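A.B. asks: fold the following for me, if possible:
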Amino acid sequence: MTEITAHHGLFTHTNLHVDDTGGNGRPVVLIHGWPLSGESWSKQVPAFEAAGYRVITYDRRGFGRSDKPRTGYTYDTLTEDLHTLLTELDLNDVTLVGFSAGGGEVARYFTEYGTERLRSVVFASAVPPFLLKNPKNPDGPLGAGEAAKMTAALTANQEMFYDDFITQFYSVDGVLKVTEAERQQALSLALQSSKVAALACMAAFASTDFRDDLTKVTIPTLVIHGGGDGVVPFEGSGARTHQAIAGSELVLIPGAPHGVIVSNPDEWNTAVLDFLTK
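C.D. replies: The predicted structure is shown next:
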């Protein structure tokens with residue numbers, strides 16, 4: 001456990017909570033989804049460490065145990081935080097694994113910082129290439145009306161919103177695919193977030209266009225997604241990302257929800273660990 005200080009401007013800084021298994025293995029950085037924290041990778045960290053990797057998780061600013069500033073929630077700043085982590089820990093030959101909203105930092109990283117420190121990347125149930133449906137993005141899976149309803153519900157009552165959202169996160173066609181204890185654990189992580197951060201990041205992952213970023217992805221890439229994902233539907237996200245990145249590999253886990261890393265950890269871990277050996 002450690003903290004990384006991400007600097008933004010002359011007089012501001014943000015401390016990010018980092019968990020690092022250490023060791024001499026090749027580094028794998030796991031970037032969590034919204035509105036959770038690095039603790040959401042609890043079913044991956046032991047498996048990846050046992051396979052010989054140095055596993056690093058961190059809490060995005062505004063979430064979990066990291067600082068919760070009132071600003072800094074664009075993907076440019078969030079990706080700068082990620083880059084600060086890589087440079088402060090002097091990580092090279094890195095695999096970045098971005099789950100859900102965390103896929104945004106992975107995509108934007110190529111535009112801002114290139115490939116020098118990277119070996120490969122994984123887009124896991126990830127929001128790229130562009131969620132919000134509009135005339136310039138007709139295949140976006142998130143309608144403007146739905147996005148507005150989410151914003152209003154979170155603004156009005158975050159406890160009620162998260163209770164419903166986390167249920168959807170782990171469900172397929174209304175059927176919960178995890179235990180109630182696992183749902184409650186995720187709910188407790190969501191409630192650690194700053195409401196300001198959660199609203200700003202919701203706007204960012206909904207409205208940020210990553211299509212140009214994906215054209216710069218030139219290293220080995222895995223796209224992995226749950227086939228029953230109702231939060232970030234595969235057809236409008238993972239399928240398009242796979243198509244946009246030449247040579248990318250695709251793994252679709254049939255019948256799995258958005259929260260596939262908890263509902264189907266063995267299948268998910270096996271697929272990603274197999275990719276890491278290549």
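A.B. asks: what packs against the worst-scoring helix or strand of the chain on mean pLDDT?
C.D. replies: Ranked by mean pLDDT, DSSP states H and E, the helix or strand of the chain with the weakest confidence is strand 2-7, at a mean of 83. Here strand 2-7 touches strand 13-20, helix 75-88, going by 3 or more CB pairs under 8 Å, 6 or more residues apart in numbering; DSSP states H and E. Quick note: C-beta positions are derived from backbone N, CA and C, even for glycine.
A.B. asks: export these as a markdown table, with columns for mean pLDDT.
C.D. replies: A markdown table is the format used below for the helices and strands packed on strand 2-7 (pLDDT from 0 to 100):
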| stretch | mean pLDDT |
| --- | --- |
| strand 13-20 | 95 |
| helix 75-88 | 97 |
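A.B. asks: list the contacts for the spatially closest residue to G64 that is not a sequence neighbour?
C.D. replies: Excluding the flanking residues, the one nearest G64 by CB to CB, 6 or more residues apart in numbering is S37, at 2.7 Å. Residues in contact with S37 (CB atoms under 8 Å, 6 or more residues apart in numbering) are D59, R60, F63, G64, R65, L189, Q192, S193.
A.B. asks: just give me the neighbour total for the fourth one.
C.D. replies: Right, G64. As a burial measure, G64 scores 23 neighbours (other CB atoms under 10 Å).
A.B. asks: restrict stretch 185-198 to CA atoms and write it as CSV.
C.D. replies: Extracted C-alpha coordinates of stretch 185-198, given in CSV (Å, rounded to 0.1, in the frame of the first residue of the first chain):
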residue,chain,number,x,y,z
GLN,A,185,-19.5,-5.4,-1.2
ALA,A,186,-19.6,-3.5,-4.5
LEU,A,187,-22.3,-1.2,-3.2
SER,A,188,-20.1,-0.3,-0.2
LEU,A,189,-17.3,0.6,-2.6
ALA,A,190,-19.6,2.8,-4.7
LEU,A,191,-20.7,4.7,-1.5
GLN,A,192,-17.0,5.6,-0.8
SER,A,193,-17.1,7.8,-3.9
SER,A,194,-17.5,11.6,-4.0
LYS,A,195,-20.8,12.6,-5.5
VAL,A,196,-19.0,15.4,-7.3
ALA,A,197,-16.5,13.0,-8.8
ALA,A,198,-19.2,10.4,-9.6
